[in-house]
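Q: Just the structure for this:
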Amino acid sequence: MAQLKVSPYCHDLITKKRWFLEAPPSTERDLLDGSGACWCRHTKDAVGRDGQVVDPEDCQEGRSCWRKWGSAAGVAGIREGG
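A: Below you'll find the model as predicted:
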């Protein structure tokens, strides 16, 4: 049985290329186009809910607002809407 590929990146990391992905991203190249533009789904900005910069290098497991790719659960430790 094939093992499901899991992305190291936060579910809430948004990029232009994200909408065209056929599988979870495994590299920055999978996510970023030539502009390098990315933002947080919650803040709609280049700064995440934790006040830190949003980019594939930083939006990985261990960050306080990180969510597993494909996760439908709320953000642990951060109140929704705040």
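
Q: where along the protein do the strands fall?
A: 13-15, 38-40 (DSSP state E).

Q: Rounded mean pLDDT for stretch 35-50, please.
A: What stretch 35-50 shows for mean pLDDT is 97.

Q: again but with stretch 7-14, I slipped
A: 96.

Q: just stretch 18-30 next, same as before
A: 94.

Q: And that stretch, what's buried?
A: Arg18, Pro24, Pro25, Asp30 (16 or more other C-beta atoms under 10 Å). (Each C-beta comes from the backbone N, C-alpha and C, glycine too.)

Q: Quick one: the helices in the chain, in order.
A: Applying DSSP state H to the chain gives helices spanning 28-31.

Q: just to revisit the earlier point, kindly compare burial across the strands of the chain and name the winner.
A: Of all these, strand 13-15 carries the top mean neighbour count, a mean of 22, counting by mean count of other C-beta atoms under 10 Å.

Q: Show me what it is packed against.
A: If you count contacts as 3 or more C-beta pairs under 8 Å, 6 or more residues apart in numbering; DSSP states H and E, strand 13-15 packs onto strand 38-40.

Q: ok, the strand it packs on: who's next to it in the sheet?
A: Applying DSSP bridges to the sheet, strand 38-40 is found paired with strand 13-15 (antiparallel).

Q: chain center to the partner strand, what's the gap?
A: Relative to the centre of its chain, strand 13-15 is centred 6 Å away, using C-alpha atoms, centre = their mean, to the nearest Å.

Q: Use 581 as the first number from now on
A: All right, first residue 581 from here; so that's strand 593-595.
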